[in-house]
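In: whatever this is, show me its structure:
(one chain, ligands or ions: 1)
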Amino acid sequence: MSSPNISTKLPGPEAKAWLEKDAEYVSPSYGRPYPLVAKSGKGLAVTDVDGNVFLDFSAGIAVCSTGHCHPVVVEAIKRQAETLIHMSGTDFYYREQAFLGEEIARITPGNQPKKCFFGNSGADAVEAGFKLARYHSSRPRMVAFSGAFHGRTFGALSLTGSNEKYRRGFAPLVPDVTHVPFPYCYRCPFNLEHPSCGLACIDYIQDEVFSKYVPPSEVAAIVAEPIQGEGGYIPAPPQYFKRLKSLCDDHGILFMCDEVQSGFGRSGKMFAIEHWDVVPDIVCMAKGIASGMPLGVCCSSSELMNWHQGAHASTFGANPVSCAAAFKTIELLEGGLIENAADTGAYLKSELESVAREHDIIGDVRGMGLMIGVEFIGDSDRSPAPDISSAVIRDCFEKGIALLPCGKSVVRFCPPLVVTKEECDYAVTAFREAVEHRSVDF
Ligand SMILES: Cc1ncc(COP(=O)(O)O)c(C=O)c1O
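Out: A predicted model of the protein is given here:
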């Protein structure tokens, strides 16, 4: 169990020097919300270059599923690095790639024979899924969701619909991607309430989109995050994906599930889509898969992954060291961390709900497992309050709790799955004080 310990003004003197170098040499396209300059990590604790200790409730943006530098993962990485670092699965064979394929086939939903394509990132996995869906179906179109985030390469970016800043300056994108409303029930795009809405947002896809401007017979896949991540930590309502999958099946459309952020135990199940009891045709994964080593995977039935030799590949995909980290990550997740995500996640959510009850500026607390969003509002009309959410995140940083934003005014809590209730208490205390400091009644 770790605790925060801030001993300098932030940023400290060492951090300041690195921020200057970063400003000089690193692309200005990154969007850091505060100046945390990390030096080392262990479990939840991240120590900065001035010796300040933060509790990382962002898990390095939902990546360090087993905590920072889990000793079992570190040992596996070391052993693999001494044995074989790289050979390229694009041109040679090695055991780790085939074995990881077998593991991913075992843990992803559905019992059908499956195959895996290996890349290095979430965007890589999504790009592969996009290409595979088009290739397999010989259909040109895709349907994605407003608020979705799938990555920044051209294909993945074309599916992304969470913020115009990702797209500004990069047109034209891949054509024939249509975005439809996501079931963001707190801000229902149809001004209805679940469950009395009868999932009107699904009817809209059929009755408006497919009937009027997107011939469903031309749609290769509908791609969705089961819990929208970047869009604001929004779980779809119960039954949603059953209805969506059945709409897909009616039209021979593939259901491609982006589990890049929600997968690998974060939601309290290995894959979030399991909460809806649906088997996707294509699953894209990355982030938490290898505890911080770069790895992206696109998995589908063997029948679906029928593309020709040379159709798609990536030099570093399934790097043996990343594979070794992934085996141990899966072992640790199945050995108790998924259960911890469900239990400790429920505890954290209920504590955050109690903060919300005390303050009007919190409009909604939602999520599953350790993927929890707290949405801030500026008035009784629920207008988003990005100034407040940013200030709360900044205040928490000053108190030694690392949090990140998402959506328009949402604070996301996505700690490593090793987090304890005591560590959650530190985060909630800091968060409560920060909210109190910004609170207004309306
Ligand atoms: C749901 C989802 N898909 C895809 C991506 C892209 O992943 P990467 O940044 O590894 O390319 C992200 C990253 O945040 C994500 O949250």
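In: alpha carbons only for contacts and neighbour counts from here, please
Out: Fine.
In: can you tell me which residues in the chain are near the ligand?
Out: Contact residues, the chain versus the ligand (Cα under 6 Å from any ligand atom): Ser121, Gly122, Ala123, Phe149, His150, Gly151, Glu225, Gly229, Glu230, Asp258, Val260, Gln261.
In: chain neighbours aside, what residue packs nearest to the third one?
Out: With Cα to Cα, 6 or more residues apart in numbering as the criterion, Ala123 has its nearest non-adjacent residue at 4.5 Å, and that residue is Gly151.
In: you'd agree the one you found is in a strand?
Out: No. Using DSSP: H, G, I helix; E, B strand; the rest coil, the secondary structure at Gly151 is coil, not a strand.
In: that one reaches Ala128, doesn't it?
Out: No. With contact defined as Cα atoms under 8 Å, Gly151 does not count as touching Ala128 (12.0 Å).
In: report pLDDT for Val440.
Out: Listed pLDDT for Val440 reads 83.
In: which residues does it contact?
Out: His359, Asp360, Ile361 (Cα atoms under 8 Å, 6 or more residues apart in numbering).
In: from the ligand, how far off is it?
Out: Distance from Val440 to the ligand, counting by Cα to the nearest ligand atom, to the nearest Å: 32 Å.
In: next, the residue most central in space within the chain: phi, psi?
Out: Centroid check for the chain by Cα atoms, centre = their mean gives Gln261 as the closest residue, at 1.8 Å. Per-residue torsions, Gln261: phi -100, psi -40 (degrees, to the nearest 10).
In: so who does it touch?
Out: Applying Cα under 8 Å, 6+ apart to Gln261 gives the contacts Ala62, Val63, Gly229, Met285, Ala286, Lys287, Gly288.
In: swap in Leu10?
Out: Counting by Cα under 8 Å, 6+ apart, Leu10 touches Pro35, Glu398.
In: that older thread, just give the number of residues close to the residue nearest to Ala123.
Out: 21 (other Cα atoms under 10 Å).
In: same question for Arg32.
Out: 9.
In: and it, that's in a strand?
Out: No. Arg32: not assigned to a strand; according to three-state DSSP it is coil.
In: how close does it sit to Ile393?
Out: From Arg32 across to Ile393, the span is 12 Å (Cα to Cα, to the nearest Å).
In: repeat that for Ala236.
Out: 25 Å.
In: between those two, who's got more neighbours?
Out: For Ala236 versus Ile393, the count of surrounding residues by other Cα under 10 Å is larger for Ile393: 25 against 20.
In: what about that one, distance to Glu274?
Out: In terms of Cα to Cα, Ile393 sits 31 Å off from Glu274.
In: and what of Gly373?
Out: Gly373 is 20 Å from Glu274, where distance means Cα to Cα.
In: more neighbours, these two?
Out: Between Gly373 and Glu274, Gly373 has the larger neighbour count (other Cα under 10 Å), namely 27 against 17.
In: residues contacting the more buried one?
Out: Neighbouring residues of Gly373 by Cα under 8 Å, 6+ apart: Gly232, Tyr233, Ile234, Asp364, Val365, Arg366, Gly367, Val410, Val411, Arg412, Phe413.
In: average pLDDT across the helix or strand containing it?
Out: Element membership for Gly373 (DSSP states H and E) is strand 371-376. What strand 371-376 shows for mean pLDDT is 98.
In: what lines up beside that strand in the sheet?
Out: Using DSSP bridges, strand 371-376 pairs in its sheet with strand 362-368 (antiparallel), strand 410-413 (antiparallel).
In: picking that back up, now the residues of the chain next to the ligand in TSV, with pLDDT?
Out: As requested, the residues of the chain next to the ligand are exported to TSV (pLDDT from 0 to 100):
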residue	pLDDT
Ser121	98
Gly122	98
Ala123	98
Phe149	98
His150	98
Gly151	98
Glu225	98
Gly229	98
Glu230	98
Asp258	99
Val260	98
Gln261	98
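In: for the residues you listed, which one is nearest Phe210?
Out: Of all these, Phe210 sits closest to Glu225, with 20.7 Å by Cα to Cα.
In: grab the nearest non-local neighbour of the closest one.
Out: Nearest one to Glu225, counting by Cα to Cα, 6+ apart, is Asp258 at 4.8 Å.
In: list the residues that contact the one you found.
Out: Neighbour list for Asp258: Val126, His150, Val223, Ala224, Glu225, Pro226, Val283, Cys284, Met285 [criterion: Cα under 8 Å, 6+ apart].
In: apply 6 Å and report the result again.
Out: Each residue near Asp258 by Cα atoms under 6 Å, 6 or more residues apart in numbering is listed here: Ala224, Glu225, Cys284.
In: same question, Ala38
Out: Thr47, Asp48.
In: so for it, what pLDDT did the model give?
Out: With respect to pLDDT, Ala38 has a value of 98.
In: quick check: phi and psi on it?
Out: Taking degrees, to the nearest 10 as the convention, Ala38 sits at phi -80, psi 140.
In: show me the beta-bridge partners of it.
Out: Here Ala38 sits in beta bridges with Asp48, going by DSSP bridges.
In: ranges for the strands of the stretch 101-250 of the chain?
Out: Under the criterion DSSP state E, counting those that start in this stretch, the stretch 101-250 of the chain contains strands at 114-119, 141-145, 177-180, 219-224, 227-228, 234-235.
In: hey, which of the ones you listed is tucked in deepest?
Out: Mean neighbour counts were compared across those using mean count of other Cα atoms under 10 Å; the top stretch is strand 227-228, at a mean of 28.
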